[in-house]
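>>> 3D, please:
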Amino acid sequence: MVARDQERNGEWKEFKIVCDLVLEKVVPRLLEPLQSEGRNIKPCLIHGDLWDENTATDMETGEPFVFDAGSMYAHNEYEVGNWRAPRHRLSNKAYIRNYKREFGVSEPEEEWDARNLLYSLRYDLATFIHYPGSNLRQSVFDGMTALCQTYFPVDLKRAKEETQDPGYRPSAWH
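As a prediction, the model looks like this:
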């Protein structure tokens, strides 16, 4: 997906660097604990594209239903990565709270929000690729940078220093 982004939108050096850090370091750091100390991720079938425009209510029965699935087997928490985006009504904290109550939070629980941010990146990047001109590419960059700053600040600092040209030029780094 990152290659598709670069193909469509051009190379962004800082984006590529922070993306590599996320793939090489952050992903293992956040997902390996889910499979350690006797814990295992039990893949479950998820909708894969669950957001407010893919949900409805049957007018006769009042029962909710979902459609337009991109189903796959994944960690159940992956399903709500898409809900993080404020552009969706499902980003309301009540929906997330109820999801957590119904399906639980994987250990380590204190890393739920970081995993949710990680899972949201794929949805936001895919949305940006399909709808160029939005600010989602910057949002993905900011999310990846935040994860790197939390878990690998020294590596992120080094990456920032390596991208700085000797002469002045505006930088994407905040």
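>>> All the strands of the protein, residue numbers only.
Ranges of strands within the chain are 44-46, 55-57, 64-66, 72-74, based on DSSP state E.
>>> Taking the centroid of this protein, which residue is nearest it?
Nearest to the mean C-alpha position of the chain, by C-alpha atoms, centre = their mean, lies residue 120 at 2.1 Å.
>>> which non-adjacent residue is nearest residue 81?
In this structure, residue 81 finds its nearest non-sequential neighbour in residue 119, 2.9 Å apart by C-beta to C-beta, 6 or more residues apart in numbering. (C-beta placed from N, C-alpha, C; glycine too.)
>>> Lowest mean pLDDT among the helices and strands, pick that one out for this structure.
Ranking every helix and strand in the chain by mean pLDDT, DSSP states H and E puts helix 2-9 at the bottom, with a mean of 82.
>>> what's it in contact with?
12, 16, 19, 125, 128, 129, 132, 137 (C-beta atoms under 8 Å, 6 or more residues apart in numbering).
>>> What is the distance between stretch 115-127 and the centre of its chain?
Relative to its chain's centre, stretch 115-127 lies at 2 Å (C-alpha atoms, centre = their mean, to the nearest Å).
>>> before we move on, what about stretch 69-89?
Relative to its chain's centre, stretch 69-89 lies at 9 Å (C-alpha atoms, centre = their mean).
>>> Against residue 52, how distant is the residue lying farthest from the centre of the chain?
Distance from the centre of the chain peaks at residue 60, with 36.1 Å (C-alpha atoms, centre = their mean). Noted for residue 60: a distance of 21 Å to residue 52, by C-beta to C-beta, to the nearest Å.
>>> Could you check the angle the longest helix seen in the chain makes with helix 2-9?
Ordering each helix of the chain by length in residues (DSSP state H) puts helix 112-130 first. Relative orientation of helix 112-130 versus helix 2-9 (axes from the mean of the first three to the mean of the last three C-alpha atoms, to 10 degrees): 40 degrees.
>>> begin at 503 from here
Sure, I'll start numbering at 503, so the last one becomes helix 614-632.
>>> mind exporting stretch 527-535 as CSV, just the C-alpha atoms?
Extracted as CSV, the C-alpha positions of stretch 527-535 are listed here (Å, rounded to 0.1, in the frame of the first residue of the first chain):
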residue,chain,number,x,y,z
LYS,A,527,10.3,-1.7,14.8
VAL,A,528,6.9,-0.5,15.9
VAL,A,529,4.8,-3.3,14.4
PRO,A,530,6.9,-6.0,16.1
ARG,A,531,7.0,-4.0,19.3
LEU,A,532,3.2,-3.7,19.5
LEU,A,533,2.2,-7.1,18.1
GLU,A,534,4.8,-9.5,19.6
PRO,A,535,3.4,-8.9,23.2
